[in-house]
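[1] just a sequence and a predicted model for now, questions to come.
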Amino acid sequence: MSKIPEEQIGEIPLELKADLDPELVEEFISDAREQLEHIEQGALALEKNGHDAEGINTLFRAFHTFKGNAGFLDFTAVSSLAHMLESLLEGARENRLQINSVIVEIILKSRDTLQRFVDEIQAQITGKKPRAVVNIPTAALKATVKFMIEGGATMVANVAQMQATSAKIAATRPVASAPPAEAPAPETPAPAAGIEPASESDEIPEPKREPSNYVSGTALHAVKVNTNKLDGLVDLTGELLIAQSLIVQSVSSPNVSRHIIARNLDQLTRISKELQRTAMSMRMVPIRATLHKMQRLARDLAAKQDKKVQLVLEGEDTEVDRTVVEKLSDPLAHMIRNAVDHGIEDPDARVDKGKPSHGTISIRAYHKSGNIVIEVGDDGQGLHHERIKEKAISLGFLHPNASISEKDLLAMILRPGFSTAAKVTNISGRGVGMDVVYKNVTNLRGKIEIKSTPGHGTTFTLRLPLTLAIIDGLIIGVGGQRYVLPTHSVGESFHPKSCRITTLPGGHEVVEIRKEMLPLLRLRDHFQIKDLPAPKNEGILIVIESDGKRRCLLADELIGKQEIVIKNLGEVFRTDPMVSGGAILGNGCVGLILDPGALVNLEPHVNELQLAT
């Protein structure tokens with residue numbers, strides 16, 4: 001084991017030198033974040049099996065790499081802490097130390113401290129913060145590690161005592177995904193023994209997670225891409241150039257037949273579609289990293305609540321668009337937080353109910369019908385239907401005499417400020433979490449469903465698009481305007497003469513379709529389009545569906561189906577709930593993409609019309 005200099009045990013300030021190469025620092029930050037993820041997952045795995053030699057070696061290599069990269073850039077404060085952890089794991093490799101929950105706790109705490117250094121370095125190198133000396137306390141942490149290294153034999157002999165001490169450390173540590181602290185409070189040095197923190201001020205706040213790379217202060221996201229995809233992209237580019245040359249030559253030559261030109265255009269179309277699929281596949285990344293972050297969160301929450309919780313993951317290799325993956329962390333964290341705090345019972349209560357003392361939370365990801373489906377379930381006490389109904393009535397969301405389906409009743413918990421928690425804790429209970437989940441999922445053009453059985457658990461099902469960049473769209477014409485409806489929301493279309501349209505006393509129109517009354521929305525009137533006269537054939541009726549609600553739209557014509565590349569329309573249309581984006585159509589014109597959810601929720605609602613009839 002390498003000797004650690006005494007001067008590196010104390011506090012070491014970190015200062016970014018003026019002559020540092022920004023590209024080298026960016027590369028260090030990118031690699032450091034990857035190593036931090038490996039360290040966290042490796043530590044959690046070792047907590048379950050402390051005798052896993054390969055797991056110990058993997059963690060050792062991660063800290064060794066971290067130390068070497070930091071030392072190359074003269075980040076002594078970072079390299080010295082990584083060196084201490086490397087020495088600790090070296091003791092485990094040589095069987096002088098036994099990995100247990102106390103050592104895992106120290107590894108995780110060191111990992112969080114290293115991330116604080118990385119975040120601070122990134123903030124300064126990108127100009128988000130001015131250049132200044134970074135003083136993140138590490139002396140107490142390094143003293144603890146040193147004590148463990150030197151007292152290894154004693155530590156092995158007192159595993160039971162260390163397990164009890166570990167529970168105290170875990171109880172005072174912050175939850176892994178707690179809200180970030182902009183200016184973390186200084187850490188109070190721990191006693192010389194270095195095992196138990198002196199007070200809550202020793203906690204290391206969860207650092208603010210930043211994107212992996214920055215260029216001139218602008219976020220630059222790095223994605224690992226399979227080299228086979230890159231090779232395929234290069235090959236397709238070559239084929240595209242050949243097809244372009246053939247078309248140019250065909251058009252410029254007067255003796256070339258229309259058949260040859262059409263054949264060359266078909267070839268160009270095929271290559272373009274293949275190029276698009278390849279380019280989109282390069283944005284697809286496994287959801288593994290996001291799901292693994294939830295393991296740390298569930299572990300820390302369970303320690304704070306004195307509960308026993310195991311997290312089961314399934315479908316970690318499911319690939320999703322990078323943008324979707326980035327926006328999934330927050331809603332998943334809120335659902336895990338609620339499951340641990342409100343869903344999973346205390347161990348004694350679970351045993352009294354005939355359940356195992358360990359609660360189980362499962363996250364399952366898979367592809368279905370062009371979407372990604374994520375199921376988050378637990379085997380806890382479930383949702384209390386009567387309590388939800390009483391709360392909804394007290395908040396004015398529900399009339400006392402109104403009848404409501406179980407699905408709509410459970411959806412009440414997604415409303416802002418809605419909470420049935422008996423008390424507010426530092427984890428949840430203010431009615432904010434599920435509202436955040438609903439907003440994030442809706443912003444991703446997704447849906448959320450809730451199923452719960454009292455006494456047996458709750459399951460949240462999230463259905464999200466695989467990508468936010470391209471959708472299948474149905475193009476409709478209204479006057480001289482073109483609109484796009486996502487095809488997944490379109491049920492059917494038919495001629496107005498094939499059904500009965502009725503005007504109700506209030507002036508609202510309904511369409512009777514197979515004995516079902518659907519509210520009618522005339523798009524010409526809604527968007528006030530008067531540039532062209534209405535078609536003589538009375539247009540086309542289109543049934544759309546969203547969140548279990550249906551509505552009938554009347555358009556002038558049905559133009560066709562097309563893969564739509566979504567374009568952001570900026571601030572002008574951001575306040576219009578009916579429009580979710582724009583697209584360049586085949587004729588070069590701009591078409592507005594309509595939001596089915598906003599259209600079906602336009603008043604009057606279906607149930608109101610049925611009551612009126």
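    Right, received. Where do you want to start?
[2] okay, and for the protein, where does confidence drop off?
    For the chain, the stretches with pLDDT under 70 are 1-8, 152-223, 369-370, 420-433, 468-469, 534-537, 547, 570-576, 603-613.
[3] how does it divide into domains?
    6-197, 228-282, 286-465, 470-612 (automatic domain parsing).
[4] format those domains as a markdown table; extra columns: mean neighbour count.
    Backbone N, C-alpha and C define where each C-beta goes, glycine included. As requested, those are exported to a markdown table (neighbours: other Cβ atoms under 10 Å):
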| stretch | mean neighbour count |
| --- | --- |
| domain 6-197 | 18 |
| domain 228-282 | 13 |
| domain 286-465 | 18 |
| domain 470-612 | 16 |
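[5] L523 touches C552, doesn't it?
    No. In this structure L523 lies outside contact range of C552 using Cβ atoms under 8 Å: 10.8 Å.
[6] helices and strands around the helix or strand hosting R277, which ones?
    Following DSSP states H and E, one finds R277 within helix 258-281. Other elements packing on helix 258-281 under the criterion 3 or more Cβ pairs under 8 Å, 6 or more residues apart in numbering; DSSP states H and E are helix 227-252.
[7] just the angle between the helix it packs on and helix 258-281, please?
    Between the axes of helix 227-252 and helix 258-281, defined by axes from the mean of the first three to the mean of the last three Cα atoms, to 10 degrees, the angle is 160 degrees.
[8] just how off-centre is helix 227-252 within its chain?
    36 Å (Cα atoms, centre = their mean, to the nearest Å).
[9] that helix - contacts with which helices or strands?
    By 3+ Cβ pairs under 8 Å, 6+ apart, helix 227-252 packs against helix 258-281.
[10] and the contacts of the helix it packs on?
    Helix 258-281 is contacted from outside by 229, 232-233, 236-237, 239-240, 243-244, 246-247, 250-251, 321, 467, 469-470, 563, using Cβ atoms under 8 Å, 6 or more residues apart in numbering.
[11] same question for stretch 362-376.
    Contact with stretch 362-376 is made by 287, 291, 294, 311-316, 318, 320, 324, 328, 332, 335-336, 339, 361, 377-378, 446, 459-466, 472, 488, as judged by Cβ under 8 Å, 6+ apart.
[12] got the CA positions of that stretch in PDB?
    The C-alpha trace of stretch 362-376 is given here as PDB (Å, rounded to 0.1, in the frame of the first residue of the first chain):
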ATOM      1  CA  SER A 362     -40.000  -2.100  -9.000                       C
ATOM      2  CA  ILE A 363     -39.200  -0.100 -12.100                       C
ATOM      3  CA  ARG A 364     -39.900  -1.800 -15.400                       C
ATOM      4  CA  ALA A 365     -39.100  -0.200 -18.800                       C
ATOM      5  CA  TYR A 366     -40.100  -1.600 -22.200                       C
ATOM      6  CA  HIS A 367     -41.200  -0.600 -25.700                       C
ATOM      7  CA  LYS A 368     -44.900  -0.900 -26.800                       C
ATOM      8  CA  SER A 369     -46.700   0.500 -29.800                       C
ATOM      9  CA  GLY A 370     -44.000   3.000 -30.700                       C
ATOM     10  CA  ASN A 371     -43.800   4.300 -27.200                       C
ATOM     11  CA  ILE A 372     -41.700   3.600 -24.100                       C
ATOM     12  CA  VAL A 373     -43.600   2.400 -21.100                       C
ATOM     13  CA  ILE A 374     -42.200   2.800 -17.600                       C
ATOM     14  CA  GLU A 375     -44.000   1.100 -14.700                       C
ATOM     15  CA  VAL A 376     -43.200   2.100 -11.100                       C
END
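[13] please narrow the contacts of stretch 362-376 to those residing in strands.
    Using DSSP state E, the subset of these located in strands is 311-314, 320, 361, 377-378, 459-465, 472.
[14] and R482, helix, strand or coil?
    Following DSSP: H, G, I helix; E, B strand; the rest coil, we place R482 in the strand state.
[15] just checking, it touches C589?
    Yes. R482 lies in contact with C589 (Cβ under 8 Å); the separation is 5.9 Å.
[16] so which residues of the stretch 101-250 of the chain form strands?
    For the stretch 101-250 of the chain, applying DSSP state E, counting those that start in this stretch gives strands covering 213-215, 218-220.
[17] now do the contacts for the closest residue to G457 other than its chain neighbours.
    Distances taken as Cβ to Cβ, 6 or more residues apart in numbering place D379 nearest to G457, at 4.4 Å, with adjacent residues excluded. Neighbouring residues of D379 by Cβ under 8 Å, 6+ apart: I344, K355, G359, T360, H456, G457.
[18] backbone dihedrals for R415, please?
    phi -80, psi 150 (degrees, to the nearest 10).
[19] any idea which residue sits dead centre in this protein?
    Of all residues in the chain, the one closest to the mean position by Cα atoms, centre = their mean is L328, 1.2 Å from it.
[20] in this structure that one contacts I287, no?
    Yes. Counting by Cβ under 8 Å, L328 does reach I287; the two are 7.3 Å apart.
[21] if I look at these two, which residues touch both of them?
    Common contact partners of L328 and I287 (Cβ under 8 Å, 6+ apart): V320, I374.
[22] so what pairs up with T453 in the strands?
    Beta-bridge pairing of T453 under DSSP bridges involves G457.
[23] give me the distance between it and H384.
    In this view, T453 and H384 are 11 Å apart by Cβ to Cβ, to the nearest Å.
[24] now V248
    Applying Cβ to Cβ, the value for V248 to H384 is 70 Å.
[25] one more: F418?
    As judged by Cβ to Cβ, F418 and H384 stand 13 Å apart.
[26] next: L569.
    Remark: distance between L569 and H384 (Cβ to Cβ) = 43 Å.
[27] name the nearest residue to V134, ignoring sequence neighbours.
    L14 (4.1 Å).
[28] which one of the ones in strands among the contacts of stretch 362-376 is nearest to I136?
    I136 has its nearest neighbour among the ones in strands among the contacts of stretch 362-376 in L311, at 29.7 Å by Cβ to Cβ.
[29] is it true that that closest one touches Q295?
    Yes. With contact defined as Cβ under 8 Å, L311 counts as touching Q295 (5.3 Å).
[30] what is in contact with the two at once?
    Contacts common to L311 and Q295, judged by Cβ under 8 Å, 6+ apart, are absent.
[31] excluding its backbone neighbours, what's nearest the residue nearest to the centre of the chain?
    Nearest-residue entry for L328: T290, 5.4 Å, with adjacent residues in sequence omitted and distances by Cβ to Cβ, 6+ apart.
[32] now do G479
    Leaving aside its chain neighbours, G479 sits nearest to I529 (3.8 Å; criterion: Cβ to Cβ, 6+ apart).
[33] circling back: contacting residues for the residue nearest to the centre of the chain?
    I287, T290, V320, I374, N440, L464.
[34] equivalent analysis for K308, please.
    With contact taken as Cβ under 8 Å, 6+ apart, K308 is in contact with A302, P347, S357, H358, G359.
[35] for A243, see how far away the residue sitting furthest away from the middle of the chain is.
    Each residue of the chain has a distance to the centre, and by Cα atoms, centre = their mean the biggest one is for N255: 57.0 Å. Per Cβ to Cβ, N255 is found 20 Å from A243.
[36] now T360
    With distances taken as Cβ to Cβ, T360 is found 55 Å from A243.
[37] what does Q35 give?
    Look at Q35 and A243: by Cβ to Cβ, they are 44 Å apart.
[38] also R482?
    The value you get for R482 to A243, if Cβ to Cβ is used, is 28 Å.
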